[in-house]
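[1] Let's see this in three dimensions:
(chains A and B)
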Amino acid sequence: MATGIKDKVAIAGMGCSRFGERWDCSAEDLLVEAFNEALADAGIEHGRIGAAWYGSAMEKSVGNSAIPLSTALRLEGIPVSRVENMCATGTEALRGATYAVASGAVDIALAIGAEKLKDTGYGGLPVIGKGTLNDLWMPYGSAPAGFAQLAAGYRAKYRIDKKDLKHAIGRVSWKSHQNGAKNPKAHLRKAVELETILNAPMIAEPLGVFDCCGVSDGAACAIVTTPEIARSLGKKNLVMVKAIQLSASSGREQSTNQWDGSYVQNTRNAAKAAYAEAGIRNPRDELSALEVHDCFSITELVTMEDLGVSADGQAWRDVLEGVFDADGKIPCQIDGGLKCFGHPIGASGLRMVYEHYLQLQGRAGPRQLKNPQLGLSHNLGGVPYNGVCAISIVGLEGR
Amino acid sequence: MTAMPDVGIQSFGAYIPRRRIARSTIAAAHAWALPNLKGLAKGEKSFCGWDEDTITMAVEAGRDCLRGQTAASVSSLLLASTTAPYADLQNAVIVGSALRLAPTTSAIDLGGSTRAGLSALITACRSRDAQQLVVASEKRNAKPGSTQEMQYGSGAGALLVGEGSGLLARFLASESVSVPFVDHFRQSTEKFDYSWEERWIRDEGIAKIVPRAVKALLERIGRSSEQLAWFGLAGGPVGADKLVAKTLAIAPERILPDLQMQVGDTGAAHSLLLLIGALERAKAGDLIVVASFGQGCEIVAFEMLQPAAATGRRGLAGSVAKRFEETAYLKMLSFSGDIEIEWGMRAETDNKTALTTLYRASDQIYGFIGGRCESCGAVQFPRLATCVNCRTAHTQQPFALADEPAKLATFTADWLQYSPAPPMYMGLVQFDVGARLLMEIVDVGPAGIDVGTPLEMSFRIKEKDRLRHYDRYFWKAVPTS
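    Down below sits the predicted model:
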């Protein structure tokens, strides 16, 4: 019987670059920015890193293989791997590094993710081929078009008026803009009126431009090790990995009639496994904060139900009641989320953990939450009916 | 000696693109330079969506014709067109694959003149080779500002030719005249026709060539022009049919509707569409003569035996009626490639087709044949090695989806992704038989779409390869209403 990853690995240090349109930076510059912060935070020498996992999703801007990372950080003579799993890439890097430490293969491992989207030449994400067979039949929809269909499915299932749902998803983005304004590393640092959000130009119905996250440059990094080594480095109030789980589509949602379009099955699968691994029974009461994959406002809304923090069909009401606001029951996207912190794909999963790490250590400045214990991060790659979901949970020792 | 069995038409089908543009809209766009076009600005014409071409329209007309028929018993497919996309690649083979004809079917492209539609029909009727599917299809381009732009439309007609009982109409005879009368022409590398003066075409060409040939044909079958129930003429200027009818003393009410007000002149497809118009109107015993002018003419005579039984066929009347109006002239120009719009970097995607993959999956891609799991019965697309429902490997039996009813399960209108016809509607299409796949939804009219909208399938261009010019074809969903 697998015992899971809970409390086997501690975070020794983390770093995160400023996200945004980093016109003057290369991917290497961003990697170094995040890495140097993490290294200083961990208080270790460069040479103590035993293995590295590098997450990047867009080969067009950062190149393939581990070499862009090993060159940028001048990693010599250690195993370095590149992982890619669409928007769940950052969490994949963390999973590799965490498992390596837990297995005893290395003492200290590096997980780092980066993306340089603003070197691709346009807004939104580049078009990526889906393989030579899928290219022959599958429509090339944009990312928002993939997620916008959740709105159609959700609305049809719960018989919610178009206007009411548009208002609720607008409220999701409004909240993240409120939060992002307080984060000096965020891409978008401006509060926006709800009216502006609701009346913005259409991207993929019903998603307007403010329902879509920022497309950003950035890098984020975690140095993980055993709790014993972390303590030997002088670390107190250790932030421990409680769970990392992943689920990928088998095709059931997009190829059978067994999915109604109103939720994301991968999130439900990964959440169930992660809660079991972390020993969480009631997520709405036990989780202190959420960093979810709000690539689009509707995604965040249905994710609240998929994570079990809202009842099915009720997330839109919870959103309107402010349950996920900074002063709500479970603050969500306290750092601004993908929406405002930004979404450099390979970095996003690690950026989410970075926020929990700061919050758990009481280092989150003006957006510090009161006494947080457990933080959940959630990444979605691909589209709701054909994708991957990665969930990681970090928390204080003894939680 | 026993008499040869009758040969004739067993079934028919048609397709006219739903998009129509008022001729007054075209004339208004050119009024600054060509005010006289206003004189032609009556009625409307059909034009192709960016994702429709001669091949896709031929498939749709062929499907309409084969409703209730057995596609596997078609022994040859003749595709007539002057606008087939490929010069070296049998266009008819793609059409036949989409129609799920047997691989042993003979497939032939015919072209060279707009009379090719009737030439193909005559060839089929004369050869008496089992069951033959004759399709004529034309995506007619014309230079902006030309009279052709006002007159030309797009569409396709299909006829199933066979022998024996159950014929709708019996082939009586044909007549051909071939003379170097060059009314219009287009070199194979050129985009647009070049036409000579209409009055010369009408008075020196049609008026002298067609009536003489019709008379010769009628004499040969022992009939007179007074006995004609239906007469149609394709390939001439507007009104040329009336001129010929007058010369032959054919009453005006016997002239088949020329489709000018609703569709326009559909080139090689036009003669077949006129004949289909006759088949939709004629009663048993009616004598039908259709002529197609072009470097001489082709003429056919049929005797109606029985009207077609209802098969859910769209036919010509149904195709003409299934329409929505486009009011943007520039949209028509953009769809035909006559204006280059700045679509941004997203349009730069390289759509290179792996021809190896395409051949392996050709029945899936062209024929829309998915799989049905022998173990659990789940119908699915694509047809992969392992069943999506029960995970058993190698249990997939071919299952055709093109004619299965479906509804919309999820959707969005995508304004971000490049599409030559924004927004790109896409969503999960749920077939009643259980299969589901992400599809593009096209020809969305003013009524829009929503979860539950009934859909039917239509063969279309999926993407164009602007570097190598091998276009991808696949199926898209269209609202049924």
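[2] Report the contact partners of B:K407.
    If you count contacts by Cβ atoms under 8 Å, 6 or more residues apart in numbering or on different chains, B:K407 has them with B:V429, B:Q430, B:D432, B:G452, B:T453, B:P454, B:L455. From N, CA and C alone the C-beta is placed, and that goes for glycine too.
[3] which SS class is it?
    Assigned with DSSP: H, G, I helix; E, B strand; the rest coil, B:K407 falls in the strand class.
[4] Does it have any beta-bridge partners, and if so which?
    As for beta bridges, B:K407 partners with B:Q430, B:P454 under DSSP bridges.
[5] any idea of the pLDDT on it?
    The per-residue pLDDT reported for B:K407 equals 98.
[6] and if you look at A:A145?
    A:A145 is given a pLDDT of 96.
[7] Is the closest residue to B:G434 other than its chain neighbours bridged to anything, and to what?
    Of all residues not flanking B:G434 in the chain, B:V379 sits nearest, at 4.7 Å (Cβ to Cβ, 6 or more residues apart in numbering or on different chains). Under DSSP bridges, the beta-bridge partners of B:V379 are B:R372.
[8] I'd assumed B:Q430 was in contact with B:V379.
    No - with contact defined as Cβ atoms under 8 Å, B:V379 does not reach B:Q430; the gap is 11.2 Å.
[9] pretty sure A:I330 is in a strand, no?
    No - counting by three-state DSSP, A:I330 is not part of a strand but coil.
[10] what helix or strand is the closest residue to chain B within the stretch 251-399 of chain A on?
    Chain B sits closest to A:G261 of the stretch 251-399 of chain A, with a gap of 4.0 Å, by Cβ to the nearest Cβ. Using DSSP states H and E, no element contains A:G261; it sits outside every helix and strand.
[11] The residue nearest to B:G434: neighbour count?
    Look at B:V379: counted by other Cβ atoms under 10 Å in any protein chain shown, it has 25 neighbours.
[12] thinking again about what came up before, excluding sequence neighbours, find me the nearest residue to the residue of the stretch 251-399 of chain A closest to chain B.
    A:G153 (2.2 Å).
[13] Specify the local secondary structure of the one you found.
    Applying three-state DSSP: A:G153 is helix.
[14] Now do the contacts for it.
    A:D260, A:G261, A:S262, B:A409, B:T410, B:V451.
[15] Phi and psi next, for the residue nearest the centre of chain B.
    Computing the C-alpha centroid of chain B and ranking residues by Cα atoms, centre = their mean puts B:A156 first, at 2.0 Å. Here is the backbone geometry of B:A156 (degrees, to the nearest 10): phi -150, psi 150.
[16] Per-residue pLDDT of it, please?
    At B:A156, the pLDDT recorded in the model is 98.
[17] ok, now which ones touch it?
    Contacts of B:A156 (Cβ under 8 Å, 6+ apart): B:14-15, B:54, B:57-58, B:60-61, B:135-138, B:266, B:269.
[18] what does A:Y275 give?
    Taking Cβ under 8 Å, 6+ apart as the definition, contacts of A:Y275 comprise A:A243, A:R281, A:P283, A:G308.
[19] returning to that earlier point: beta partners for the residue nearest to the centre of chain B?
    B:Y15, B:S137.
[20] if I look at it, how far off is chain A?
    From B:A156 across to chain A, the span is 23 Å (Cβ to the nearest Cβ, to the nearest Å).
[21] in the stretch 1-150 of chain B, what residue is nearest chain A?
    Using Cβ to the nearest Cβ, the closest approach of the stretch 1-150 of chain B to chain A is made by B:D51 at 11.5 Å.
[22] just how off-centre is the helix or strand A:M352 falls within within its chain?
    Using DSSP H and E, A:M352 sits within helix A:345-360. Taking Cα atoms, centre = their mean, to the nearest Å, one finds the center of helix A:345-360 at 7 Å from the center of the full chain.
[23] can you tell me the average pLDDT over the next helix or strand after that helix?
    Note on helix A:345-360: by DSSP H and E, the next helix or strand toward the C-terminus is strand A:374-383. Per-residue pLDDT over strand A:374-383 has a mean of 97.
[24] Mind listing the strands strand A:374-383 pairs with, and their directions?
    Strand pairing (DSSP bridges) places strand A:374-383 next to strand A:289-291 (parallel), strand A:386-396 (antiparallel).
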